[in-house]
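Engineer: Give me a model of this one.
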Amino acid sequence: IEIHIKAPRHLWMLVFLPIWLAFWTFGGFAAIRQFISDPTSRGFLGIWLIAWLVAELLASYVWLWMAFGKEVITVWQSALSLKRDIGGWGPAKLLRLHDCRNLRASGSFGSPFSFSESLRFWGVSGGTIAVDHQGRVIRFGIGLEETEAQAVVRELGPYFPANP
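Structural biologist: The predicted structure is shown next:
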């Protein structure tokens, strides 16, 4: 069985991020020119350029995820595959179904101050479906409404081992 869930689409972010990225990229290239031409400013600019690159990559990923992303949930050969796919690319997390317990529709809980949970606002992390796997809670189903999450759980439930 394979289920595809489109990434949440936030129109204002799909419009705003490319504009922000254009200005951010222009500023970064100006800083790179300054870094190369003025050796006295390299300390601060070096640190700033590292932060600039991280922000550039993160904003680009968020935009690509919102524009073209989808979650692909696959159950096959006693394994659960959770893939965050952008245009056919993206890593898959494989979980042995034998190690999975308590598949459920669940709200997005957790500390909003952890890095992975802070990305929930951008529609990049979290999820409304949870499963316990080797002492950790694994979440998927980003942006689903409660009834949609419950429908996915009903669809996947028969493939999961009964809880002990």
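
Engineer: Poorly predicted segments of this protein, please.
Structural biologist: With pLDDT under 70 as the threshold, the chain has low-confidence stretches at 108-125, 162-164.

Engineer: where along the protein do the helices fall?
Structural biologist: Ranges of helices within the chain are 11-37, 42-68, 115-118, 146-156, based on DSSP state H.

Engineer: Among those helices, which comes closest to residue 137?
Structural biologist: Nearest of these to residue 137, taken as CB to CB: helix 115-118 at 11.5 Å. Quick note: C-beta positions are derived from backbone N, CA and C, even for glycine.

Engineer: Give me the distance between the closest residue to residue 13 other than its chain neighbours and residue 91.
Structural biologist: Counting by CB to CB, 6 or more residues apart in numbering, residue 13 lies nearest to residue 66, which is 5.9 Å off, once chain neighbours are set aside. Counting by CB to CB, to the nearest Å, the separation of residue 66 from residue 91 is 18 Å.

Engineer: Return the residue of the protein that is most distant from the centre.
Structural biologist: For the chain, the C-alpha lying farthest from the average C-alpha position belongs to residue 40; by CA atoms, centre = their mean, that distance is 39.0 Å.

Engineer: Now for it: which residues touch it?
Structural biologist: Taking CB atoms under 8 Å, 6 or more residues apart in numbering as the criterion, residue 40 is in contact with no other residue.

Engineer: Looking at residue 66 and residue 91, which has the bigger crowd around it?
Structural biologist: Set side by side, residue 66 and residue 91 show unequal neighbour counts under other CB atoms under 10 Å, the larger going to residue 66 at 21 against 9.

Engineer: All set now, cheers.
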